[in-house]
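In: I would like to see how this sequence folds:
(one chain, ligands or ions: 1)
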Amino acid sequence: MSEALPQVTLPGGETVPALGQGTWHMGEDRRLRAQEAASVRLGIELGMTLVDTAEMYGSGGAEEVVREAAKGLRDQLFIVSKVYPHNATTQGVIAACERSLKRLGTDRIDLYLLHWRGSVPLAQTVEGFHRLERDGKIRYHGVSNFDRRDMEEWVAAGGDGVATDQVLYNLATRGPEWDLEPWCRERGVTIMAYTPLGQGRMLARPELAEIARRRNATPAQVALAWLLRKDGVIVIPKASRAEHMRENRGALDLHLADDHLAALDRAFPPPKGRTPLGMG
Ligand code: NAP
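Out: Next up, the predicted model:
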């Protein structure tokens, strides 16, 4: 049984865990699938019941890993998946969603995102998402890799029910703090922070190691705790190893004091102006 973890409130009042899990690069190699599914399942059992995937990951293989991991637990899960921009016409988004539902082995996706902005007019994608919501195939819609101006255009195209913007956000990439995070907070739109560990590279930074040592924690836990302290931010580290999954869950027990936050600000300064979003 999973335990209840700190929650983030979606527009409309439903709550989801602030700490979820990602699945990029899962489902690419059949020999690793059992290990990957076991790790995602462990995460679910530890309470990280929000699982992020996409039709892109492993060409659908990651969605199959999620199905495997979720066996018998579907009602506890909040599944996030994403449509490719080239599939994001009104009819294309409906067909892509049907394919994802089949791979996920479920009748609904909880939150369905446009993976990044492509050349299809936003109004077409908005219309596709609204039809899927009306038909009960998705429960919420959102976007990914949208900066503040893209968000304004999305809303102007009719997408004012947008639940989340999933963006690259971590200690070393703080651009979203400048104007995207305030814009989202004002409107109750959640931010979903992807690549929260910098894909592991950031963890070797000595400043992070020093704070981790002082708190008897790990660099990954410090990086995650730094994001988890923010209201309205959902954090989705990916871990295909059980020991990483347990360690990431432990980040919820770490509360960073003001002097540690100040040291992190010195090592990883906040943006001084508008910065283009990074992309994973
Ligand atoms: P990440 O979560 O920052 O890092 C994942 C890497 O860190 C993996 O190599 C993992 O290793 C390792 N790791 C996990 N926990 C660790 C720990 N406690 N200590 C040391 N290393 C650890 O990077 P990400 O996968 O790019 O981002 C997370 C999720 O965000 C993705 O999986 C995906 O769902 C989503 N995402 C979305 C977009 C988008 O465009 N919307 C782009 C990128 C990512 P193991 O796997 O070996 O455990």
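In: Measure how buried Glu152 is and give me the count.
Out: 12 (other Cβ atoms under 10 Å). All C-beta atoms are positioned from the backbone trio N, CA, C, and that covers glycine.
In: go on, Ser240?
Out: By the criterion of other Cβ under 10 Å, Ser240 has 17 neighbours.
In: shouldn't it be in contact with Arg33?
Out: No - the criterion here is Cβ atoms under 8 Å, and Ser240 misses it with Arg33 at 10.1 Å.
In: hey, what's in contact with both of these two?
Out: Common neighbours of Ser240 and Arg33, counting by Cβ atoms under 8 Å, 6 or more residues apart in numbering, are Met26.
In: any idea how far Gly273 lies from Arg148?
Out: Distance, Gly273 to Arg148, by Cβ to Cβ, to the nearest Å: 13 Å.
In: what's the neighbour count on the residue lying closest to Thr190 once chain neighbours are set aside?
Out: Leaving aside its sequence neighbours, Thr190 sits nearest to Thr164 (Cβ to Cβ, 6 or more residues apart in numbering; 4.5 Å). Close neighbours of Thr164, defined as other Cβ under 10 Å, add up to 24.
In: How far off centre is the lengthiest helix in the chain?
Out: The longest helix of the chain (DSSP state H) is helix 90-104. On the basis of Cα atoms, centre = their mean, to the nearest Å, helix 90-104 is displaced by 20 Å from the centre of the chain it belongs to.
In: In which helix or strand does Glu152 reside?
Out: Following DSSP states H and E, the helix or strand that holds Glu152 is helix 148-156.
In: tell me which residues in that helix are buried?
Out: For helix 148-156, burial by neighbour count (16 or more other Cβ atoms under 10 Å) applies to Arg148, Asp150, Met151, Trp154, Val155.
In: and if you look at stretch 86-99?
Out: By neighbour count on 16+ other Cβ under 10 Å, the buried set for stretch 86-99 is Asn87, Ala88, Thr89, Thr90, Gly92, Val93, Ile94, Ala96, Cys97.
In: Nearest to the ligand among those residues?
Out: Among the buried residues of stretch 86-99, Ala88 lies closest to the ligand (Cβ to the nearest ligand atom), at 13.8 Å.
In: check contacts around the closest one.
Out: By Cβ under 8 Å, 6+ apart, Ala88 lies in contact with Ala96, Leu114, Gly118, Val120, Gln124, Thr125, Gly128.
In: That one and Val126, how far apart?
Out: The gap separating Ala88 from Val126 is 10 Å, by Cβ to Cβ.
In: just Gln7 next, same as before
Out: With distances taken as Cβ to Cβ, Gln7 is found 27 Å from Val126.
In: Need the residues that contact stretch 256-265.
Out: With Cβ under 8 Å, 6+ apart as the test, stretch 256-265 has contacts from Leu171, Glu207, Leu208, Glu210, Ile211, Arg214, Arg215, Val222, Ala225, Trp226, Arg229.
In: how does it look with 7 Å?
Out: Identification of contacts with stretch 256-265 by Cβ atoms under 7 Å, 6 or more residues apart in numbering yields Leu171, Glu207, Ile211, Ala225, Trp226, Arg229.
In: Make a ChimeraX selection of the buried ones in the residues you listed.
Out: What follows is the ChimeraX syntax selecting those of those that are buried according to 16+ other Cβ under 10 Å:
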select :171,211,225,226
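In: possible to save the contacts of stretch 256-265 as JSON lines with secondary structure and pLDDT?
Out: Below are the contacts of stretch 256-265 laid out as JSON lines (DSSP: H, G, I helix; E, B strand; the rest coil; pLDDT from 0 to 100):
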{"residue": "Leu171", "secondary structure": "coil", "pLDDT": "97"}
{"residue": "Glu207", "secondary structure": "helix", "pLDDT": "93"}
{"residue": "Ile211", "secondary structure": "helix", "pLDDT": "95"}
{"residue": "Ala225", "secondary structure": "helix", "pLDDT": "98"}
{"residue": "Trp226", "secondary structure": "helix", "pLDDT": "98"}
{"residue": "Arg229", "secondary structure": "coil", "pLDDT": "96"}
